[in-house]
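J.: A predicted structure for the sequence below; I have some questions about it.
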Amino acid sequence: MKFDENLAAVHGYLCSDGYVIRNPENQRHKYYVIALRNTNIVLLEDFQNRFEKYFGVKPAIRNGRCIINSKPIYIKLIDKFGSFYSYEWKIPELDRNLITFWLRAFFDCEGWVEINGRKSRMVCAESVNLKGLEQVKRSLLTLGIKSRIKPKKSGSIFRLLIFGKENVKQFGSAVGFLHPQKREKLLGLISSYPDYVWSFPCDEEENMIFVKSVMLSKARPKPPYSIRITSNKKENLVKLSEHITKYSGVTPKINSYRNGYGTEYSELSVNNKNDILKLMCCGLIGRQMPKNQNYLFKQSK
């Protein structure tokens, strides 16, 4: 059995929502079944067409299944790939081109898109097969897509997460969805990412206004005399720090961190009372901050 894009997709479908089964040994009635279960007709028809192109026989679609009974095909699949059960499936050796068809079929069945404002924006997939998900993770990485696997609270199901603008865009470009609703939601997810690179104006007066607006909108006070500004682009804070030093003589500190999802971000901080007062005198931070946090910036008499 030589792989092409049709067999790669069929294999991906069978490892996710499919099954390849036969009757128990002690049962008289013999059957050999290859099928895909799914409520989306687009996926069922794609499985049907690809199966027919590769094996030369057309499965039937009925009752949310695309199904065929065939002992010869069952034997070919089991002899070549082993088990397709939930805990046991494996990704075969596929080149960079063919792995995209396998992954697309897998994510069409097991994946979904999560958009919850800025709190949660990612592509996810779940499986009880940790070793299989680890193969998915490595396969995604060959396409330039970073992901992370986390166990659910029960510990018996594992979730693969793809997050971050570049990873999500690369997933959309290299893998994507055939499932119409998931494809539409993925496009919405990609378009929801703003441009995170701050554009500092060349004009000196406009630049001063821009720096003030960034400071006044993004600076978070922290008692007793400290402010924090975060960004997922370190170069934003490096440029901001240069302008703060230029306008006030204050040199902020910049450190890099990683959040609970593994995303890197940077933080600019000023942690000195006199420096805070200098920033206030230059108008880079307000004397009264939002949410009644003006206690932080009261000048000493």
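T.: Yes, it's here. Residues are numbered from 1 along each chain as shown.
J.: need the strands for the chain, in chain order.
T.: In the chain, the strands defined using DSSP state E lie at 18-22, 32-37, 60-62, 65-69, 111-116, 120-127, 148-151, 158-163, 220-221, 227-231, 253-258, 264-270.
J.: looking at these, which one has the lowest mean pLDDT?
T.: Of all these, strand 220-221 carries the lowest average pLDDT, namely a mean of 84.
J.: what's it packed up against?
T.: Strand 220-221 sits against strand 227-231, with contacts defined as 3 or more C-beta pairs under 8 Å, 6 or more residues apart in numbering; DSSP states H and E. In short, each C-beta sits where N, CA and C put it, glycine included.
J.: can you list contacts of the strand it packs on?
T.: Under the criterion C-beta atoms under 8 Å, 6 or more residues apart in numbering, residues 196, 198, 214-215, 218-222, 237, 240, 265-270, 276, 279, 285 lie in contact with strand 227-231.
J.: Hmm, residue 35 is touching residue 70, no?
T.: No - look at residue 35 against residue 70 with C-beta atoms under 8 Å: they stay out of range, at 10.8 Å.
J.: neighbours of residue 189, just the number please.
T.: Using other C-beta atoms under 10 Å, residue 189 has 21 other residues around it.
J.: And it, what's its pLDDT?
T.: 89.
J.: Turn the strands of the chain into TSV, including distance to residue 207 and mean neighbour count.
T.: Shown next, in TSV, are the strands of the chain (distance: least, C-beta to C-beta, whole Å; neighbours: other C-beta atoms under 10 Å):
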stretch	distance to residue 207	mean neighbour count
strand 18-22	59	17
strand 32-37	58	20
strand 60-62	62	12
strand 65-69	61	20
strand 111-116	34	17
strand 120-127	31	19
strand 148-151	38	13
strand 158-163	33	20
strand 220-221	23	17
strand 227-231	17	19
strand 253-258	19	11
strand 264-270	17	18
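J.: Nearest residue to residue 113 in space, please, no chain neighbours.
T.: Distance criterion C-beta to C-beta, 6 or more residues apart in numbering; nearest residue to residue 113, sequence neighbours excluded, is residue 185 at 4.1 Å.
J.: same thing with residue 141?
T.: residue 147 (7.6 Å).
J.: ok, now residue 276?
T.: residue 225 (5.0 Å).
J.: Would you mark the buried spots in stretch 197-209?
T.: 198, 208 (16 or more other C-beta atoms under 10 Å).
J.: so for it, what's the average pLDDT?
T.: Here the average pLDDT along stretch 197-209 is 83.
J.: do the same with stretch 93-102
T.: 95.
J.: what's around the nearest residue to residue 99 once chain neighbours are set aside, how many residues?
T.: Nearest residue to residue 99, sequence neighbours excluded (C-beta to C-beta, 6+ apart): residue 139, at 5.1 Å. Residue 139 has 20 neighbouring residues, counting by other C-beta under 10 Å.
J.: again with residue 245
T.: When neighbours are counted by other C-beta under 10 Å, residue 245 comes out with 12.
J.: For it, which non-adjacent residue is closest in space?
T.: Using C-beta to C-beta, 6+ apart, the nearest residue to residue 245 is residue 251, at 5.1 Å.
J.: same question, residue 279
T.: The nearest residue in space to residue 279 (C-beta to C-beta, 6+ apart) is residue 285, at 4.7 Å.
J.: Any idea how far apart the tips of stretch 243-254 sit?
T.: The straight-line separation of the ends of stretch 243-254 (C-alpha to C-alpha, to the nearest Å) is 14 Å.
J.: buried residues in it?
T.: Buried residues in stretch 243-254 (16+ other C-beta under 10 Å): 243, 244, 247, 248, 250, 252, 254.
J.: hmm, who's touching stretch 138-154?
T.: So stretch 138-154 is contacted by 91, 94, 96, 99-100, 102-103, 126, 130, 133-134, 136-137, 157-164, 167, 170-171, 174-175, 261-262 (C-beta under 8 Å, 6+ apart).
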